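**Student:** sequence and predicted structure are below.
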Amino acid sequence: MFKLGLSSCGKPLCEELFKNYKKAGIEAMEISLGVDEYATLDLTALRHMADGQGVELWSLHLPFMPFDKIDISRPELAEETVEYLSGLIRRGAEAGIDKFIIHPSGEPIKPEERAERMATAKSSLAKLAEVARECGAVIAVEDLPRTCLGNTAAEIAELISVHPDLRVCFDTNHLLTEDAADFVRALGDKIITTHVSDYDFLNERHWLPGEGKLDWQSIVNALCEVNYSGPWLYELGFACPKTLIRDRELTCEDFARNAAEIFENKQISIFSKPKENI
């Protein structure tokens, strides 16, 4: 139904990881690392490893932490953050990456600060979109939870309105006040990529689909309705969550199996422990 993708989620970017992706049928990778790892990341070498295994370097998640150093929405940090992220976009584009995922803010954001933070984020996004355009790439703005900017479809629409090239990364486990399928329909063809994971509607959890409360068939149906053509790209770690829904780490094959069960509308059967025991 959709191309299968998976975030690196901090896993060591090595030949073995690409081989595991390929073996499981995972076609696309999002590079997502700790902030300190980007400085020494050899993107050209990474491109060679990906090409050697037939895995697409689909996107690069721009760093967003620590919040007191990286934030496109804080007036005192925005200029320096834009300069730093522009450098990463240029480096990534040189290695053939053409989609860059960005968080529109850190948090917490007080209600009285929100208007100024939105204005600053929009200015920053317009500048970064121009940098990406010069590199033949696009910026995808990710929906975020809690007090972050972009925590509703309306705020995402406002954020991306400042430049015609800006697009959306739909994170399924970040919406705390809106239905996920409604979000998809509201943003439509602006959505070019996903971050797939499950949660309990109380806070972001980054659980495997089926471990939380999301209605996966409604999300799939909504994506089909808006003719979404990007990947079904998981963004969660391989390790067990603290809730111990399962008793082992995930494998690449687990993600492929999970996706197949969702696409075929089958019972999700990845669990090692019954949900009623959580």
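**Tutor:** Everything's here; your move. Numbers count the residues shown, from 1 in each chain.
**Student:** quick check on residue 84: phi, psi?
**Tutor:** Torsion angles at residue 84 (phi, psi; degrees, to the nearest 10) stand at phi -60, psi -50.
**Student:** what's around it, how many residues?
**Tutor:** 16 (other Cβ atoms under 10 Å). C-beta coordinates here come from the backbone N, C-alpha and C atoms, glycine included.
**Student:** swap in residue 269?
**Tutor:** Per other Cβ under 10 Å, the neighbour tally for residue 269 reads 9.
**Student:** okay, it: pLDDT?
**Tutor:** With respect to pLDDT, residue 269 scores 75.
**Student:** in the stretch 151-278 of the chain, which spans are strands?
**Tutor:** Here the stretch 151-278 of the chain has its strands, by DSSP state E, counting those that start in this stretch, at 167-171, 191-195, 232-234.
**Student:** poorly predicted segments of the chain, please.
**Tutor:** 243-244, 270-278 (pLDDT under 70).
**Student:** gap between the residue positioned nearest the centre of it and residue 171?
**Tutor:** Taking Cα atoms, centre = their mean, the centroid of the chain lies closest to residue 195, which sits 4.0 Å from it. Residue 195 sits 4 Å away from residue 171, going by Cβ to Cβ, to the nearest Å.
**Student:** what's the overlap in contacts for these two?
**Tutor:** 142, 235 (Cβ atoms under 8 Å, 6 or more residues apart in numbering).
**Student:** tell me which stretches of the stretch 51-200 of the chain form helices.
**Tutor:** Secondary structure of the stretch 51-200 of the chain (DSSP state H, counting those that start in this stretch): helices at 75-94, 114-134, 153-160, 180-187.
**Student:** now tabulate the strands of the stretch 151-278 of the chain in CSV and tack on distance to residue 3.
**Tutor:** What follows is those, written out as CSV (distance: least, Cβ to Cβ, whole Å):
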stretch, distance to residue 3
strand 167-171, 15
strand 191-195, 10
strand 232-234, 7
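**Student:** among those, which is nearest residue 22?
**Tutor:** Minimum separation from residue 22 across the strands of the stretch 151-278 of the chain (Cβ to Cβ) falls at strand 232-234, 15.8 Å.
**Student:** show me the contact partners of that closest one.
**Tutor:** Contacts with strand 232-234, where a contact means Cβ under 8 Å, 6+ apart, come from 1-7, 28, 30, 58-59, 193-197, 208, 255, 258-259, 263.
**Student:** dump the helices of the stretch 51-200 of the chain to TSV, plus distance to residue 24.
**Tutor:** Formatted as TSV, the helices of the stretch 51-200 of the chain follow (distance: least, Cβ to Cβ, whole Å):
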stretch	distance to residue 24
helix 75-94	25
helix 114-134	30
helix 153-160	31
helix 180-187	25
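**Student:** residues near the closest residue to residue 174 other than its chain neighbours, how many?
**Tutor:** Excluding the flanking residues, the one nearest residue 174 by Cβ to Cβ, 6 or more residues apart in numbering is residue 145, at 4.5 Å. For residue 145, the count of nearby residues is 17 (other Cβ under 10 Å).
**Student:** likewise residue 40?
**Tutor:** 7.
**Student:** heads up, I number from 30, so please use that
**Tutor:** Okay, using 30 as the starting number, the last item reads as residue 69.
**Student:** what sits against residue 206?
**Tutor:** Neighbouring residues of residue 206 by Cβ under 8 Å, 6+ apart: 180-181.
**Student:** phi, psi for it please.
**Tutor:** Main-chain torsions, residue 206, degrees, to the nearest 10: phi -130, psi 0.
**Student:** wait, which of the helices of the stretch 80-229 of the chain is closest to residue 73?
**Tutor:** Here helix 104-123 is closest among the helices of the stretch 80-229 of the chain (Cβ to Cβ), at 7.6 Å.
**Student:** for the closest one, name the packing helices and strands.
**Tutor:** On a contact count with 3 or more Cβ pairs under 8 Å, 6 or more residues apart in numbering; DSSP states H and E, helix 104-123 meets helix 72-82, strand 128-131, helix 143-163.
**Student:** now the closest residue to residue 269 other than its chain neighbours: how far from residue 152?
**Tutor:** Using Cβ to Cβ, 6+ apart and skipping the chain neighbours, the partner closest in space to residue 269 is residue 275 (5.9 Å). According to Cβ to Cβ, residue 275 and residue 152 sit 44 Å apart.
**Student:** now residue 120
**Tutor:** 23 Å.
**Student:** could you do residue 183 as well?
**Tutor:** For residue 183 relative to residue 152 (Cβ to Cβ), the value is 19 Å.
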